[in-house]
Structure formats: C-alpha cells, structure tokens
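Visitor: Fold the stuff below for me.
(2 chains)
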There are 2 protein chains.
Amino acid sequence: MSSTVGIGLDVGGTKSQAVLVNMAGEVLAEQRTPSPHDTSEGAGTALAGVLAKQIADLCDENGLDPVTVPIGIGLPGLVRRSGKLAFAPNLQSANGVDLPTLLREAIGATNVHVENDANAAALAEHEWGAGRGIDDFVMVTLGTGIGGGVIANGELVRGGSGFGGEIGHLIVLADGVLCPCGVRGCWERYASGGGLQRMTREAAEAGRLPTLVERKGSIDAVRAEDVTAAGDENLGEAVALLREVGRWLAVGLGSLAVILGTNDFVIGGGLSSASGHILPSAREHLREFTMGYEWRPPFNVQLASLGEHAGALGAALVGMQRSA
Amino acid sequence: MSSTVGIGLDVGGTKSQAVLVNMAGEVLAEQRTPSPHDTSEGAGTALAGVLAKQIADLCDENGLDPVTVPIGIGLPGLVRRSGKLAFAPNLQSANGVDLPTLLREAIGATNVHVENDANAAALAEHEWGAGRGIDDFVMVTLGTGIGGGVIANGELVRGGSGFGGEIGHLIVLADGVLCPCGVRGCWERYASGGGLQRMTREAAEAGRLPTLVERKGSIDAVRAEDVTAAGDENLGEAVALLREVGRWLAVGLGSLAVILGTNDFVIGGGLSSASGHILPSAREHLREFTMGYEWRPPFNVQLASLGEHAGALGAALVGMQRSA
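Guide: Model prediction:
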C-alpha cells in the first residue's frame, strides 16, 4: 500500500456511507448522504455527483488531495472487473455507471476502484475482523437477501466476470420458490430475512403461528420481525420457524464447504444478530448437509466483527490495495 | 520447479497409473498396475508397496534417483493438506494412509506430495490442457459420480481442510435423493453416470423408455449405457432422458458460476464424451439457473483435452511444483 489512509464509500439503496480509514482499519472520519435515484441525467450521473461531493468534503476536512488519495467504492450489485457496475437491483439509477471515469472528470480523482459491497465487507473482515489470519473462509451477509464474499488462498474470489461471491443465488432446491432474480430455488429465498418473511406468511396461513396471529390480530399482520422478537422470548412456534431458517442456512453452508474445502464462515447482516436461534440451528444441521462431515476439521460459524462499517472499511481497503 | 521431470501416479479403485512427465507435460514413460485392496498389514501398507515398486521401476528404467525425483500422487478421496488420506470410498484399504512417510521408509523418496485425483486433473488442464491461460475455471469430471477441481486467481482452491473441489456433493435439491455419502440431494445423484442410471430405471418403470425396454426384454435390463448408445442414434426417448441429465448439470454449473464468478468450465470424465446430448442441453439451460445470466460474459463449457492422462499428469505437476 502506497498510502497510509484511504477513503471508502459503501453505497446502498438508501444511503451512501463514506469513511476515512488508516492502515490499521481505524475510522478517522465518517459521513452519510442519501443515495440519489434520479435518472434524468443518464445512468449514474447523479450518483457520481453525490459521491464526488462526499469525497471532496472528506478531503477538505482532513487535508487530503482527492487527485491522489486511494478511493474505494462498494456497490450493491454486479461489478465487472473493469470497475463498471453491470446491474444493481436496488440502485437502478446507476446501472452501467463507470465511476472511476466520472470521478476523474468531476474531481480529478485518479485512484478510484470499485467492488461489490459484500466482497468489500469480506476483504475487511479478512484484514481487520473475524476472518483475520484465516486464508480460506466465506463471508455470509444475512439481510433481506444473502450477500457474500469468498476468500480462498488469502485472496478474494472474483472470477473472470468479477461477479464472484453472489452466494445467495446458489440453488438449494431446483425448481423451488421463484427469486426476484428470475431463477427458482435460490438459497436466499430460504435462509434470509426475505425467506423468513415468506415462511412466516406460509406458517401463519397454515396455522403454525397461532399465538402471533392472535397477538397481531390477523394472519396478514404477522411479520418476520414479530417472529424474531418472539424468538427472543423463546416462544415455541417462533423458535421452530427460526430453526427452520437455520436448517436452510446449513444447506448452503454445506454446499460451500464441499466446493471450497473451507469450514470457516463469518456471518454478518441484520438477521445474524436478530435471533439467537438461527445460527445454533445451522450449526446443528451442518452434519446433515456436508459430505464427509466427520473427516473435516470442526466448523467455525462465527459472527462478523466489524458491524455496519464493514462495507466502507473494505471499500477503503480495496482502494488502498489496488492503488499500491 | 527444481527438476525438469517428475513422476505422477493416479491411483484409482482398480489400477494405479504411473507416468514420467517433463515440464512441457509430455508423457515420457508409463506403467500400470492393479490397485491392491489387501488390508491385512494395516492401512495403506499394501498400497505403499505397490506404488514404491512402480516408482522404483520407472526410476531404474529412466536413470532417475527415487530419493530426489519429484513425485506426486493423486488419490480418489479426501486428502488433507498434510498429504494424509482421510477417506476414500473406493479404496478403503488406504484410509488414513500417510504415503509420503511410507515411501520415504520404502525407497528413500523425499519429494512425495499427495493431492485429490480430480484436483490434480484440474491443475493439469490449467497448466497444459483446456484451461491453459484461464485463471478462473472449474473442472467437472462426469463419471459414476462428479469429481472436480476449482481454479481461482490461477490457484487450486483446497480450503483449510484440503478437501476443496468436491463439487459433486453440492446440494441441488435439499431433502432429495439419498447419496452414498449420507447427504440427500447431492448434485452427483442427478447429473452423473450414477444419476443417469437411477433416472433410467425410474423412466423405464414409468413407461418412458418403451423402445429400450422392448429391445432389452425387460425393464430391469435397461442400463444407462443403453440410453447413451440410443442417444447416439437419436432415439427420442433416450435423447429426452439425456437432456434431463444435462438440465441437472446446468443447475450445478449455475450455482458454481454465481459463487465463483466464473463462466469457464472444463468437462471431463466418461459421461462427457459418451453423449452429444448432455452438454448441449446443459448449455441451453444455463440461463434458467444462473442469476444475472444476461450480464455475464458468455459461458464456455468445453471438453477437457488431456483425456485419461489428466490425473497422472496433474499428480506429476503437484510433485514438481511442491518440490520446488
């Protein structure tokens, strides 16, 4: 790394988080701005303008030169190896955007590197977080969907397309539930917040959540958040549903374990901390879904440690490493 | 690489193939011996004796010193990073064997390195075969089961356990058909020779193979080989079944593509060449099973080029690379 600090931006569907980071992974300054969804000026123009201002402000306040400072940007979608965003379902205003070029034009920045947000988080956990010192692991981000990043032989796996780590779309049940991506049976339809929401509705309709239906007044009123909250009180019907999500989580973890030969998983995202029942259930079911379980080293399914800063930290790391 | 030649051994359930290879991947000498299944002297003792003789003979005939020549051994099972064989379903006499130690004791060999046979084949295809120049691809070996090897960032993915590349056991249908490995719904129960055999029996019982049942005289007499042979004559009922296998092949390829970000696959093994219907069907169905298909580079599902020598060539490569 040629610089002792870097700027990382984690762009989501609602906000863009910008951080100034040093090589120890410490956040020296931070800033948030709503993400633009304006498409009137062409793909990504509004987004580039917002990010340019965030970067310029952080540089101004900290005596840095935007032309030379390493900048990394994590985007919520398919990022090509070239740094162009191919597709982002929740940030469609930015599809096709070439941020390195737009930011060079806007503020003269020459060291801009783009990566998928979950891949960036995996890199950050590897460098500074729960995956530190582990050369082979998978970061699994349990949110509305499942994001992720694969670290193998100490390096991020991007593949020829650059789209590596889209683990939420590995197929766990061929011809199963339709995913918004167009494929049936994707893992994230079963083991994410969205999966829990679907299973909550189905369970309520099937009469498997009588207490929650009574509390909320109707079948339609019962939400995934009610199930995770009731799980925290150990309500049996909620625990059973959360354990089912955990079992589906184990299906995908088992597949990743056999493909990659890793037993190490770092779990992040909102759903990972929302319930104490999902991860224990996943751990218990791993034997059922992993070929050769008894010959493998013990599984290590641990929580991520960098929290909501992981994506921005990883983006800064991408900027610092690729500018070197 | 410190040596200009290496010895590679590909040990299967029925025979051990030994080759002398140069750095251009040319086979300079070759030898085959039946694999021993004798367990009376302890795990792997008989196997080590057979391999020691093969190595000593190859060295004698070619003026090489078994103490210093690089030796690689491909084994059909779960090989730990230490080189010990954890488990091999079709070579149970060798479970737990530590070949580097036994071969040092037997013939003084000091440069012995062990790898899974399909991983070795993937390395050989990467260095000398269809995967040459491709830094990210998956080798898929379609035999009775599905073996494989994952190359990412130009390196073999072994994972912390060393068991990476066991792609035949990724789960494509949770709670599906029971695999001999103990897990339900493994890919190789659907898209391999064994999968075709099961589907052949089921199709014959369901009346979907009337011509073949008539030809063979009974439902029980119809085998997978009859289906592949009838596929070569373009018999409709056989083509339909082979295309179904191809569709299942696409399910796993799609999952591997999203996890690893690769669109490159090298297909080897007996079933890959036995039918012209499986791979075309797989290629056609990839769109159905791959998130973001339209944003990805074109898939490249090509045949392996090193044939039956791939495993032994890759084993020699492992020996040469790790002795360097």
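Visitor: going forward, measure contacts between C-alpha atoms and count neighbours the same way
Guide: Noted.
Visitor: Strands of chain A, start to end?
Guide: Remark: strands of chain A, listed N- to C-terminal, are A:5-11, A:15-22, A:27-34, A:71-75, A:78-79, A:85-87, A:112-116, A:137-142, A:146-152, A:155-156, A:264-268, A:300-303; assignment by DSSP state E.
Visitor: Let's have the ones you listed in JSON lines, adding mean neighbour count, mean pLDDT and distance to A:Arg201.
Guide: As requested, these are arranged in JSON lines below (neighbours: other Cα atoms under 10 Å in any protein chain shown; pLDDT from 0 to 100; distance: least, Cα to Cα, whole Å):
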{"stretch": "strand A:5-11", "mean neighbour count": "30", "mean pLDDT": "97", "distance to A:Arg201": "31"}
{"stretch": "strand A:15-22", "mean neighbour count": "22", "mean pLDDT": "96", "distance to A:Arg201": "29"}
{"stretch": "strand A:27-34", "mean neighbour count": "15", "mean pLDDT": "94", "distance to A:Arg201": "32"}
{"stretch": "strand A:71-75", "mean neighbour count": "30", "mean pLDDT": "97", "distance to A:Arg201": "31"}
{"stretch": "strand A:78-79", "mean neighbour count": "28", "mean pLDDT": "96", "distance to A:Arg201": "30"}
{"stretch": "strand A:85-87", "mean neighbour count": "21", "mean pLDDT": "93", "distance to A:Arg201": "30"}
{"stretch": "strand A:112-116", "mean neighbour count": "29", "mean pLDDT": "97", "distance to A:Arg201": "31"}
{"stretch": "strand A:137-142", "mean neighbour count": "28", "mean pLDDT": "96", "distance to A:Arg201": "19"}
{"stretch": "strand A:146-152", "mean neighbour count": "27", "mean pLDDT": "97", "distance to A:Arg201": "20"}
{"stretch": "strand A:155-156", "mean neighbour count": "20", "mean pLDDT": "98", "distance to A:Arg201": "37"}
{"stretch": "strand A:264-268", "mean neighbour count": "24", "mean pLDDT": "97", "distance to A:Arg201": "25"}
{"stretch": "strand A:300-303", "mean neighbour count": "18", "mean pLDDT": "96", "distance to A:Arg201": "28"}
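Visitor: Now these in TSV, please, with extra columns for distance to A:Leu178.
Guide: Output for the strands of chain A, formatted as TSV (distance: least, Cα to Cα, whole Å):
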stretch	distance to A:Leu178
strand A:5-11	27
strand A:15-22	28
strand A:27-34	31
strand A:71-75	25
strand A:78-79	20
strand A:85-87	19
strand A:112-116	24
strand A:137-142	19
strand A:146-152	15
strand A:155-156	29
strand A:264-268	24
strand A:300-303	28
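Visitor: now those strands as a markdown table including distance to chain B?
Guide: Formatted as a markdown table, the strands of chain A follow (distance: least, Cα to the nearest Cα, whole Å):
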| stretch | distance to chain B |
| --- | --- |
| strand A:5-11 | 20 |
| strand A:15-22 | 24 |
| strand A:27-34 | 27 |
| strand A:71-75 | 16 |
| strand A:78-79 | 8 |
| strand A:85-87 | 6 |
| strand A:112-116 | 12 |
| strand A:137-142 | 8 |
| strand A:146-152 | 6 |
| strand A:155-156 | 8 |
| strand A:264-268 | 8 |
| strand A:300-303 | 11 |
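Visitor: Which residues does stretch A:149-160 contact?
Guide: By Cα atoms under 8 Å, 6 or more residues apart in numbering or on different chains, the residues outside stretch A:149-160 that reach it are A:81, A:118-123, A:126, A:134-140, A:164-167, A:260, B:135-137, B:152-153, B:155, B:157, B:159, B:259-263.
Visitor: What subset of the residues you listed is buried?
Guide: In the contacts of stretch A:149-160, burial by neighbour count holds for A:81, A:118-123, A:126, A:134-140, A:164-167, A:260, B:135-137, B:152-153, B:157, B:159, B:259-263, counting by 16 or more other Cα atoms under 10 Å in any protein chain shown.
Visitor: From the residues you listed, which land in helices?
Guide: With helices defined by DSSP state H, the entries of the buried ones among the contacts of stretch A:149-160 inside them are A:Ala118, A:Asn119, A:Ala120, A:Ala121, A:Ala122, A:Leu123, A:His126, A:Leu260, B:Ile259, B:Leu260.
Visitor: pretty sure the fifth one contacts A:Asp135?
Guide: No: taking contact to mean Cα atoms under 8 Å, the distance of 11.7 Å between A:Ala122 and A:Asp135 leaves them out of contact.
Visitor: one step back: for the strands of chain A, which one sits closest to B:Arg201?
Guide: Judged by Cα to Cα, the one of the strands of chain A that comes nearest to B:Arg201 is strand A:146-152, at 37.8 Å.
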